[in-house]
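A.B. asks: Take a look and give me a structure for this.
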Amino acid sequence: MLSWVTKAAQSTLSAVAGTAEPIYGPEALQSVAKQEDLNPKYEVTDDDVKWQALESTCAETQTFYTETDGGHFVMLQIIYSNVSNIHISAQLNVKVFFPDGRVHWSAKTMTDYAFDPTFRSFFAGENGEDFSIILNEAGDSYHIKSRLDPEVLVDVTIDRKVAGFKVGKDAKTNYGDDPANPWGCIRHIFWPKNRASGTVEVKGEKVDVAGKNIFVMALQGMKPHHAACKWNFITFQSDNVAAIMMEFTTPPSYGSQTVTVGTIFKDGVLLQGTTTGTVAHTATKMDPVTQWEEPTAFKVVWKGKTQDGKDTESVLETDLKPKLDCVDIMAEVPTIIKKFVAGAVGTRPYMYQYRQEVTLKIKVGEEVTEEKGMMFSEATFIS
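C.D. replies: Okay, the predicted model is just below:
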């Protein structure tokens with residue numbers, strides 16, 4: 001979700017030009033749920049993990065969330081962004097949450113960057129010496145190395161442990177009044193359960209990243225504030241279970257519709273995929289800084305069927321501990337531009353991040369089991 005942070009927030013052209021959208025109505029949105037039956041096993045192909053590198057306004061990301069065995073939480077994110085084919089850039093974001101409460105954030109722009117011929121790997125600097133993310137030939141392991149920030153050195157490997165997950169034929173929710181020729185899209189591909197290894201060195205302090213990992217490849221193929229007005233993202237990891245819920249709500253121009261993609265893997269196999277789950281902020285408080293209703297409790301429900309046709313409903317319901325961070329996504333925009341954008345398009349983007357131990361209740365048929373694990377979640381408000 002931090003794909004907002006870079007050029008989508010920093011570029012006044014992307015944020016300001018064409019701010020007012022007509023009311024297209026709900027029929028101008030083709031939810032990914034409409035193509036769910038085209039991929040009943042939710043399979044991911046080799047082509048799905050290729051970078052799309054659209055030649056139009058977009059923000060494309062590969063994000064790796066790691067719950068380390070040592071108690072750290074580490075996020076690595078590669079962003080490729082294109083603003084109207086006028087400004088194209090790439091950036092690495094690194095965020096480390098330390099067990100003692102410290103948070104270190106690094107965001108470094110790349111130079112001399114390029115995709116490999118297959119668009120499965122990405123490099124920056126001469127001979128890829130500054131940065132590289134390489135997908136192996138088998139398509140089940142990434143190796144990420146970076147010295148873009150001399151204070152944050154990255155050497156991390158991500159090994160996939162269960163099958164990838166996507167909804168439908170191409171995982172896309174499309175925007176446009178002609179379904180055959182959409183003018184924008186949102187796309188998500190997941191590796192729900194992986195094993196991370198290696199290190200992230202922060203100001204000389206080495207962090208062993210060995211632990212449980214979730215990988216998300218995302219594409220916003222249009223101006224972000226036109227695609228969605230709010231997001232919820234939840235991950236859950238235990239030894240036996242991996243769960244993901246991604247939910248966004250469109251602006252009124254597309255009928256304020258909610259699109260949900262969720263999955264649960266248990267004991268190494270797909271338990272369910274869903275496009276009918278829900279995320280509810282069951283308690284909130286007004287944040288005087290952001291002027292948003294900050295969630296203080298929520299309930300997440302995964303509804304669907306197992307691969308053998310049994311009804312399944314999983315519930316994660318919890319009071320939220322104090323947030324890890326609140327990200328002001330427009331922070332790097334000059335004040336005068338920030339005020340203009342907020343007034344012109346109603347954008348006031350902030351992201352709340354949470355992490356805590358929770359219990360996931362899984363019901364298959366009439367059988368209910370409980371699984372304790374670590375949750376990381378983000379609630380993002382845009383406009």
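A.B. asks: can you pull the contacts of the nearest residue to Phe97 once chain neighbours are set aside?
C.D. replies: Using CB to CB, 6 or more residues apart in numbering and skipping the chain neighbours, the partner closest in space to Phe97 is Phe73 (4.2 Å). Just so you know, the C-beta spots here come from the backbone N, C-alpha and C atoms, and that holds for glycine as well. Phe73 is in contact with 65-67, 96-97, 324, 355, 376, counting by CB atoms under 8 Å, 6 or more residues apart in numbering.
A.B. asks: closest to Met245 among these?
C.D. replies: Phe376 (11.5 Å; CB to CB).
A.B. asks: So what's the residue count around that closest one?
C.D. replies: Neighbour count for Phe376, taken as other CB atoms under 10 Å: 21.
A.B. asks: looking at it, it is touching Glu67, isn't it?
C.D. replies: Yes - assessed by CB atoms under 8 Å, Phe376 is found in contact with Glu67 at 7.1 Å.
A.B. asks: Please enumerate the helices of this structure.
C.D. replies: Under the criterion DSSP state H, the chain contains helices at 7-10, 12-16, 224-227, 335-345.
A.B. asks: what is the rounded mean pLDDT of the third one?
C.D. replies: Confidence for helix 224-227, expressed as mean pLDDT, is 83.
A.B. asks: Mind giving me the packing neighbours of that helix?
C.D. replies: For helix 224-227, the packing partners by 3 or more CB pairs under 8 Å, 6 or more residues apart in numbering; DSSP states H and E come out as strand 184-202.
A.B. asks: So which bits of the strand it packs on are buried?
C.D. replies: Buried residues in strand 184-202, defined by neighbour count with 16 or more other CB atoms under 10 Å: 184-194, 196, 198, 200, 202.
A.B. asks: Report the contact partners of Ser146.
C.D. replies: Counted by CB under 8 Å, 6+ apart, Ser146 has contacts 92, 94, 108, 130-132, 152-154.
A.B. asks: State the number of residues packed around Pro251.
C.D. replies: Neighbours around Pro251, by other CB under 10 Å: 21.
A.B. asks: Identify the residue nearest it in space, chain neighbours excluded?
C.D. replies: Per CB to CB, 6+ apart, closest to Pro251 is Cys229, 4.7 Å.
A.B. asks: was I right about that neighbour contacting Tyr254?
C.D. replies: No - look at Cys229 against Tyr254 with CB under 8 Å: they stay out of range, at 9.6 Å.
A.B. asks: got the buried residues for stretch 69-81?
C.D. replies: Applying 16+ other CB under 10 Å to stretch 69-81 flags 72-81 as buried.
A.B. asks: Grab the CA positions of that stretch and hand them over as PDB.
C.D. replies: Presented in PDB, the C-alpha positions along stretch 69-81 are these (Å, rounded to 0.1, in the frame of the first residue of the first chain):
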ATOM      1  CA  ASP A  69      11.900 -15.000  14.400                       C
ATOM      2  CA  GLY A  70      13.700 -12.300  16.400                       C
ATOM      3  CA  GLY A  71      10.700 -10.100  16.800                       C
ATOM      4  CA  HIS A  72      11.400  -7.500  14.100                       C
ATOM      5  CA  PHE A  73       9.000  -6.700  11.300                       C
ATOM      6  CA  VAL A  74      10.600  -5.800   8.000                       C
ATOM      7  CA  MET A  75       9.000  -4.400   4.900                       C
ATOM      8  CA  LEU A  76      10.900  -4.200   1.600                       C
ATOM      9  CA  GLN A  77       9.200  -2.600  -1.400                       C
ATOM     10  CA  ILE A  78      10.200  -1.900  -4.900                       C
ATOM     11  CA  ILE A  79       8.200   0.700  -6.700                       C
ATOM     12  CA  TYR A  80       8.100   1.400 -10.500                       C
ATOM     13  CA  SER A  81       6.000   4.500 -11.300                       C
END
